[in-house]
Structure formats: C-alpha cells, structure tokens
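A.B. asks: Sequence plus predicted model, see below.
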Amino acid sequence: MMRVEKLFEKYENYILTNHISDDCGIALEKIGLKLYSKKIKTDLSDIENLRNSLSNCFMFITNKVIIKKPIWFKINVIDQAVNEYAGIGLLNLESDWFKFIINYFEYDKASQSGDTIIVIFDHDFKWIICFTYSQDETSLTTEIYSSNSC
C-alpha cells in the first residue's frame, strides 16, 4: 500500500508544482496541444445524454489506455478564487468511470458555487483529459491535451 501512496504523492506534487500557478484552477497547456474542447449546458442526472455528447473523450481514453490505469486528480475551486485539493486515485476503467466522475460533480461539489475539476492523465503526462463542472453555469467543459510524443 505504501508504494501506491508514494505514487500518488509524486503525481500530486507534480501537478501542484507545475500546473497550479495562481491557486485558482489548473493550467494544462504545458502538456502539449489542445486537441479538443467542448462546453455543454448539462443536467448531471442525464448521464446518458452526457455520455453521448462526450463520445470523443471515451474514444480517446479507449485508444490511449493500454496497460496502466490512468490517474484522476480532483480539485474544487472555492468561490472562483482558491483551489481546495480534493483527491487523487487510479481510474478503474473496468467499472463505469464516467459515472464515477459525474457522481463527484453531483455529490461532492465545491463550496460557494465554485467549479469542480477532475483531470484524468496517463502516468507519463503524455495526455490529459480535463472535466470542469461549473455550478454557476450548470455546464461541463471537457478538454483534451496531448504531447507530441503521444
């Protein structure tokens, strides 16, 4: 168990050091090119509609994940001003990983109507998928970044 905890600590520190600059949100441009960006008004209870609207993300993960489970990282942006680190873990692709993410948005929301951000990435940071749920706008923004070596 200690080995997994050290792995998460390594990734947590890397993200906090390299992708959080003003303690509000997350900057992913260092990963590489933005391949995809989509913002949709959403009803979190309509997971099938969300799934259909974001089929590009599912195809991307299916094509990229071969051996290692990707890692998820969650932060809540409180009152659009400060990050609250909320968690990190391995994403279980054998279960309904998208429902896992939507449940976080629905049941573990940021305080003061802030945004909730969940980033999925590979172990080498060659690609990242970022889901940002805005409570104020009831919208979900999805972005995919990929390095040239991916």
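C.D. replies: Yes, it's here.
A.B. asks: does the most centrally placed residue in the chain count as helix, strand or coil?
C.D. replies: The chain has Val119 as the residue nearest its centroid, 1.9 Å off, counting by Cα atoms, centre = their mean. Following DSSP: H, G, I helix; E, B strand; the rest coil, Val119 is assigned to strand.
A.B. asks: Same question for the one 10 residues further on.
C.D. replies: Here Ile129 is recorded as strand under three-state DSSP.
A.B. asks: Now do the same contact list for the residue nearest to the centre of the chain.
C.D. replies: Val119 makes contact with Ile15, Ile26, Leu28, Trp72, Phe73, Lys74, Ile128, Ile129, Cys130, Phe131, according to Cβ atoms under 8 Å, 6 or more residues apart in numbering. To be clear about C-beta, it is placed using only N, CA and C from the backbone, and glycine gets the same treatment.
A.B. asks: Could you check how far it is from Cys57?
C.D. replies: Using Cβ to Cβ, to the nearest Å, Val119 is found at 12 Å from Cys57.
A.B. asks: what is in contact with these two at once?
C.D. replies: Ile129.
A.B. asks: from the contacts of Val119, which single one is nearest Asn49?
C.D. replies: Asn49 lies nearest to Phe131 out of those, by Cβ to Cβ, at 15.3 Å.
A.B. asks: which residue sits closest to the closest one, ignoring its sequence neighbours?
C.D. replies: Nearest non-adjacent residue to Phe131, counting by Cβ to Cβ, 6 or more residues apart in numbering: Ile118, 4.8 Å away.
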